[in-house]
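>>> this one's sequence-less:
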């Protein structure tokens, strides 16, 4: 522990006494050598002053404290300097060096130190009790300033001690500035490396540097997807859209939309991955002054696309929803200024319909992983029924396409009882959706003819599940279409 560290140096030395002013000068000079002018910059000066005077300066009693601390900071900061807020890292390292037991307790209570949500009274009492237990683990001298110091580092503690309420913008700001109080960044301060699947600030900067090279930007997105980092990229990139030059907004939107079909679907967020793509697109478009500029970018993105189809279908269909078209509920605010005008939306619908027809003519639509929602939207937009029937005939004739089609017709349902520690996921098959396009008897006959022994090895889990649900429930559904279908439980 602390006593052991104090005894590492066994050689007896007479360390001269030093005044508190001289000790502070030594400390700040050492920090300046390590950090340069970073702490005194206009953007950091006030926050650094708050951290310094709320408690940081009080950890240091002698020259040996300064030397020991700077040695640890010099080593550890070099490992994560691109991923953390430098002031927060300086502060938490002082906790690590001088009160390591507190450091580990903070690490083990992430929820207490990063929660920004409104707390119930019982949660406040529980979290406050945890904080007080943590602070009591150190000596009286440090206890006097530790709470204020931690409140400066973790302002969300004010939700516990002072009924402060924080909004979503605050959460985004903390994340964008790599603050330790952000639940997305917290772990990096304690692991000295990025968690698996996390995307580094260096990687963010590297892709921003490609903003005027659409092909290279797209390749980097595909690389993130292949490395399991694309979900994190989509989550954190909104914090950086303001760094994209105005003249390159079209490049970035085109790249993201035209690679979107290659991204895995993230079911942890409402509407999945397409909503994350839409959010970035919207933020970029909102930086443009008028609907004509936004329309031109979306129009060119659709015309120039070569790799994605569903992402464009989803985006334009969502614009329909925002404007209250088709069966979507009409927007309450009739004065709302939309991203594009209704007339421009008509044009974009037609362009995407042309893209769908092209994919169908080229034989690519029948095997698209999202073929069913594409067909649904195409039909909603007034597609010729003969064109849809042609694609359906191709699907029926192709074993793999038919299996993929069925996997589009199952969906998860989530439930969680108050007494359960873990929620339950059940899967259901939607026979009504299937019947909108293919006769169930036709599918049943085809599935009975397919030799699954030759295919099962290359089938996805969702495809296997879809076939299982279809074959187990088809007879019951035919007897009584209104009967509740038995779900499959994970």
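Sure thing, it's come through. Quick caveat, the model's predicted, so the values are computed rather than measured.
>>> in the stretch 301-450 of the chain, which ranges drop under the pLDDT threshold?
330-336, 415-423 (pLDDT under 70).
>>> ok, which stretches of it are helices?
Assigned by DSSP state H, counting those that start in this stretch, the helices in the stretch 301-450 of the chain fall at 310-322, 342-361, 371-380, 385-397, 399-407, 431-435, 440-449.
>>> can you tell me which residue is nearest the centre of the chain?
Most central in the chain under C-alpha atoms, centre = their mean is residue 235, positioned 2.9 Å from the mean C-alpha point.
>>> Distance of that residue relative to residue 277?
11 Å (C-beta to C-beta, to the nearest Å). Using the backbone N, CA and C atoms, a C-beta is placed for each residue, glycine as well.
>>> Equivalent analysis for residue 364, please.
With distances taken as C-beta to C-beta, residue 364 is found 21 Å from residue 277.
>>> Those two - which one has more neighbours?
Comparing residue 364 with residue 277 by other C-beta atoms under 10 Å, the one with more neighbours is residue 277, at 22 against 12.
>>> Name the residues that touch the helix or strand containing that one?
According to DSSP states H and E, residue 277 maps onto helix 273-285. For helix 273-285, contacts defined as C-beta atoms under 8 Å, 6 or more residues apart in numbering pick out 231, 234-235, 237-238, 241, 244, 249, 252-253, 256-257, 260, 263-266, 269, 271, 294, 297-298, 310-311, 314-315, 318, 339.
>>> Quick check on these: which are buried?
231, 234-235, 237-238, 241, 244, 249, 252-253, 256-257, 260, 263, 266, 294, 297-298, 310-311, 314-315, 318, 339 (16 or more other C-beta atoms under 10 Å).
>>> and residue 2, what pLDDT?
pLDDT recorded at residue 2 is 49.
>>> Repeat that for the one 4 residues further on.
Note for residue 6: predicted pLDDT of 48.
>>> now the regular element (helix or strand) spanning residue 125: mean pLDDT?
Mapping residue 125 onto the secondary structure by DSSP H and E places it in helix 121-135. The average pLDDT within helix 121-135 is 92.
>>> Now do the buried residues in the next helix-or-strand element following that helix.
The element immediately downstream of helix 121-135 (helix or strand, assigned by DSSP H and E) is helix 140-153. Within helix 140-153, the residues that count as buried by 16+ other C-beta under 10 Å are 142, 145-147, 149-153.
>>> likewise stretch 154-162?
154-157, 159-160.
>>> From the chain's centroid, how far away is it?
25 Å (C-alpha atoms, centre = their mean, to the nearest Å).
>>> cool, stretch 474-483 as well?
Relative to its chain's centre, stretch 474-483 lies at 40 Å (C-alpha atoms, centre = their mean).
>>> And for stretch 255-274?
Per C-alpha atoms, centre = their mean, the centroid offset for stretch 255-274 relative to its chain is 11 Å.
>>> Just the mean pLDDT for it, thanks.
Mean predicted confidence for stretch 255-274 is 88.
>>> Between residue 235 and residue 277, which contacts overlap?
Joint contacts of residue 235 and residue 277 (C-beta under 8 Å, 6+ apart) do not exist.
>>> how close does the closest residue in space to residue 30 that isn't next to it in sequence get to residue 29?
Nearest non-adjacent residue to residue 30, counting by C-beta to C-beta, 6 or more residues apart in numbering: residue 70, 4.8 Å away. As judged by C-beta to C-beta, residue 70 and residue 29 stand 10 Å apart.
>>> quick one, which of the two is more surrounded?
Shown here are residue 70 and residue 29; by other C-beta under 10 Å, residue 70 has more neighbours (18 against 11).
>>> Name the helix or strand for that one, please.
Going by DSSP H and E, residue 70 is part of helix 63-80.
>>> Helix or strand next in line after that helix, which one?
Heading C-terminal from helix 63-80, the first helix or strand you meet, by DSSP H and E, is helix 86-98.
>>> Packing partners of the following helix or strand past that next one?
Using DSSP H and E, the helix or strand that follows helix 86-98 in sequence is helix 100-107. Contacts defined by 3 or more C-beta pairs under 8 Å, 6 or more residues apart in numbering; DSSP states H and E place helix 100-107 against helix 86-98, helix 121-135.
>>> Might one say that residue 322 is in contact with residue 338?
Yes - if you go by C-beta atoms under 8 Å, residue 322 and residue 338 touch, sitting 6.3 Å apart.
>>> Neighbour count for those two, which is higher?
Counted by other C-beta under 10 Å, residue 322 and residue 338 do not tie: residue 322 has more neighbours, with 17 against 14.
>>> Low-confidence ranges, the stretch 51-200 of the chain, go.
193-195.
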